[in-house]
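Peer 1: what's the 3D shape of this:
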Amino acid sequence: PKSIPDQIREILRKVKDQGRIAPWPLVFADYARSATYGVRQGYTSLLQVVKQCGEVVDAVYIDDFQRGSRDEPEWWRFAGMCKNLGIHLFGVSDGFDLEGESWEEKLRLYNLFTQMEGKNRRNRVRRGMRGAAQRHRVRGKLSLGFTRIPEQDESGNLVCRPDGRPYNVPCIDPATKKYRERIYELFNSKRWSCYKIAKLFSRARVEDWAGWSEQGIEKLLANPDAIGVFISNRTTKVYNHEIRKWEKKENPHSEWDVHYDKDLSIISIEDWRKTKRRLAQIRPKQPRRRQS
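Peer 2: Below is the predicted model:
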């Protein structure tokens, strides 16, 4: 939460040092929104100002080159627009400056370094996430029936991160375990459909949520964590340059990180097998989902 104010403070200091004024209504930011997306409120507002007020805007300041856009065609378009309008473009943290006749060469070099840094960052994040999965730590939202508790070592001491916060590991949630069990009971014993179960859970506001869907119930039924099998690294995000969007790509089974903990089983193996058989039977009969 402090990142954006820190960036703005340094930018305003640079603006003042260069003898310019930055009116507060013309200071834009995007919270928790990656620069890989062109449709961002702050960035879109900046584009509108540059287009409509190019004659009165003298310069555009960004924290660093990557904060403008990580989409190379979009960044070329914006930089070219600034150059055509005679607007200076500065990167405060990295010293980027769209001045001089060699601005195109600068742009290519910064794009190259940005892509390399982005790729290295993603690899470091994946490495950290796989390491956390292999240590059986919680990395995201757990499914129905589970919650998290602080990790302890063999002596009962908390295992903490470098910043002092404890790592978390999954455990069964007594408050929601009964609902997860109820799903399998309704599906296997009473032969309810996923749609009917979703309607029941929505009316009951399970987990304080009234938007349960047929697909959500089916995913819970098929999730092997119900028998204590936790799988991570199943997918990887890959950028599709043709449609300019990130897409999920399923990894080979050999790259999956699988952890089994019998103590985290909510249902028996027999019930799990019944569920898988029934899911396999009903899926061919329901090729289309309800549109409502």
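Peer 1: If we go by neighbour counts, what in stretch 253-271 is buried?
Peer 2: For stretch 253-271, the neighbour count (16 or more other Cβ atoms under 10 Å) marks 257, 259, 264-267, 271 as buried. All C-beta atoms are positioned from the backbone trio N, CA, C, and that covers glycine.
Peer 1: Repeat that for stretch 15-26.
Peer 2: In stretch 15-26, counting by 16+ other Cβ under 10 Å, buried: V15.
Peer 1: Show me the helices in this protein, by range?
Peer 2: 3-17, 41-52, 65-68, 72-85, 103-134, 174-184, 194-204, 214-222, 269-282 (DSSP state H).
Peer 1: now the longest one against helix 72-85, angle please.
Peer 2: Relative orientation of helix 103-134 with respect to helix 72-85: 150 degrees, computed using axes from the mean of the first three to the mean of the last three Cα atoms, to 10 degrees.
Peer 1: Helix 103-134 - contacts with which helices or strands?
Peer 2: helix 65-68, helix 72-85, strand 227-232, strand 257-265 (3 or more Cβ pairs under 8 Å, 6 or more residues apart in numbering; DSSP states H and E).
Peer 1: follow-up on the earlier one: dump the helices of the chain into a markdown table; add distance to I231 and mean pLDDT as well.
Peer 2: What follows is those, written out as a markdown table (distance: least, Cβ to Cβ, whole Å; pLDDT from 0 to 100):
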| stretch | distance to I231 | mean pLDDT |
| --- | --- | --- |
| helix 3-17 | 32 | 89 |
| helix 41-52 | 36 | 88 |
| helix 65-68 | 32 | 64 |
| helix 72-85 | 34 | 80 |
| helix 103-134 | 9 | 72 |
| helix 174-184 | 17 | 95 |
| helix 194-204 | 21 | 95 |
| helix 214-222 | 11 | 94 |
| helix 269-282 | 14 | 92 |
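Peer 1: Could you identify which of those helices is most buried?
Peer 2: Greatest average neighbour count among these goes to helix 65-68 (a mean of 22), per mean count of other Cβ atoms under 10 Å.
Peer 1: what sits against K51?
Peer 2: Counting by Cβ atoms under 8 Å, 6 or more residues apart in numbering, K51 makes contact with M81.
Peer 1: Quick check: I269 touching I227?
Peer 2: Yes - using Cβ atoms under 8 Å, I269 makes contact with I227 at a distance of 5.9 Å.
Peer 1: Can you dump the C-alpha atoms of stretch 212-221 in CSV for me?
Peer 2: Only the C-alpha atoms of stretch 212-221 are listed here, as CSV (Å, rounded to 0.1, in the frame of the first residue of the first chain):
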residue,chain,number,x,y,z
TRP,A,212,-22.5,-20.5,-5.7
SER,A,213,-22.6,-21.9,-9.2
GLU,A,214,-22.9,-25.3,-10.8
GLN,A,215,-19.3,-25.1,-12.1
GLY,A,216,-18.1,-24.2,-8.7
ILE,A,217,-19.7,-27.2,-7.1
GLU,A,218,-18.4,-29.5,-9.8
LYS,A,219,-14.8,-28.2,-9.2
LEU,A,220,-15.2,-28.8,-5.5
LEU,A,221,-16.4,-32.4,-6.2
